[in-house]
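Asker: coordinates only, sequence not included:
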Ligand SMILES: Nc1ncnc2c1ncn2[C@@H]1O[C@H](COP(=O)(O)OP(=O)(O)OP(=O)(O)O)[C@@H](O)[C@H]1O
């Protein structure tokens, strides 16, 4: 469970990225975080694994007080929380399976990193994760020979191989075409349902969020202005979240492709 009580983040330049957030997410929820650019979506997601420090409030994840974590305990905590970024963060000149195996590196002794030595068990875990996301046949292909959607699946496989309880995804489909974006969202959905992994996704494209996520958290100026089921999000709620500006819709993207 993720629980925030009165969480705020004030950046060093004085900007209030998060303003008194109360949020509780149970294990296995699939949550889409939406809002205008600069609303605080990335800040929210990045406080959960302490990539960004909060400046006020309580943040407890699986009974761990995240605000107090540092050093070894922070590294241990982060193993339970997978993070996926828009740019995939892959070594594009390396093979797919090597990228998935790289996910194990933070836990390995230095000599194994140096030799690139992985156990049979780790290799099997990596291959099983690639199988889960449907790209086992690409295991020995170089990442730079894959499409954007396939690369995002490699990133997902790398995270899955770590057996996380939570996946935080920061704009994972922003650089993908609409069809591929839907496929990747569907991957997240399947994994959420099959493994009961909590998934929090920052997403610009409202239609995708409404279609695939079960719960929507709408952020405006660092505050939550909607928190509820995706099928109860109305036009007027969207107006409130987006200050009456039109959010990114998939049709617009289709028009651009
Ligand atoms: N490192 C930083 N230093 C100072 N201000 C920051 C920093 N990072 C973000 N901010 C500010 O905090 C606010 C929230 O930013 P955040 O990146 O969380 O928004 P976002 O909703 O994720 O936006 P986008 O959709 O454009 O990624 C913005 O006003 C932003 O300018």
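Answerer: All right, it came through fine. As the structure is a prediction and not an experimental result, all values here were calculated from the model.

Asker: any stretches of the stretch 51-200 of the chain with poor pLDDT?
Answerer: By pLDDT under 70, the weakly predicted segments of the stretch 51-200 of the chain are 87-88, 106, 109, 112-115.

Asker: and if we set it to 80?
Answerer: Using pLDDT under 80 as the threshold, the predicted model of the stretch 51-200 of the chain has low-confidence ranges 85-89, 104-118.

Asker: partner strands of the helix or strand hosting residue 226, with direction?
Answerer: In the assignment (DSSP states H and E), residue 226 maps to strand 223-229. For strand 223-229, the paired strands and their directions (DSSP bridges) are strand 215-220 (antiparallel).

Asker: now do the same contact list for residue 5.
Answerer: Each residue near residue 5 by Cβ atoms under 8 Å, 6 or more residues apart in numbering is listed here: 22, 57, 58, 59. For the C-beta atoms, the positions are set from N, CA and C on the backbone; glycine is no exception.

Asker: residue 143 too?
Answerer: Listed by Cβ under 8 Å, 6+ apart, the contact set of residue 143 reads 90, 91, 92, 93, 94, 95, 96, 99, 151, 154.

Asker: okay if I get those as TSV plus distance to the ligand, neighbour count and secondary structure?
Answerer: Formatted as TSV, those follow (distance: Cβ to the nearest ligand atom, whole Å; neighbours: other Cβ atoms under 10 Å; DSSP: H, G, I helix; E, B strand; the rest coil):
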residue	distance to the ligand	neighbour count	secondary structure
90	21	21	coil
91	24	12	coil
92	23	13	coil
93	28	9	coil
94	28	14	coil
95	31	17	strand
96	28	28	helix
99	25	23	helix
151	20	23	helix
154	23	26	helix
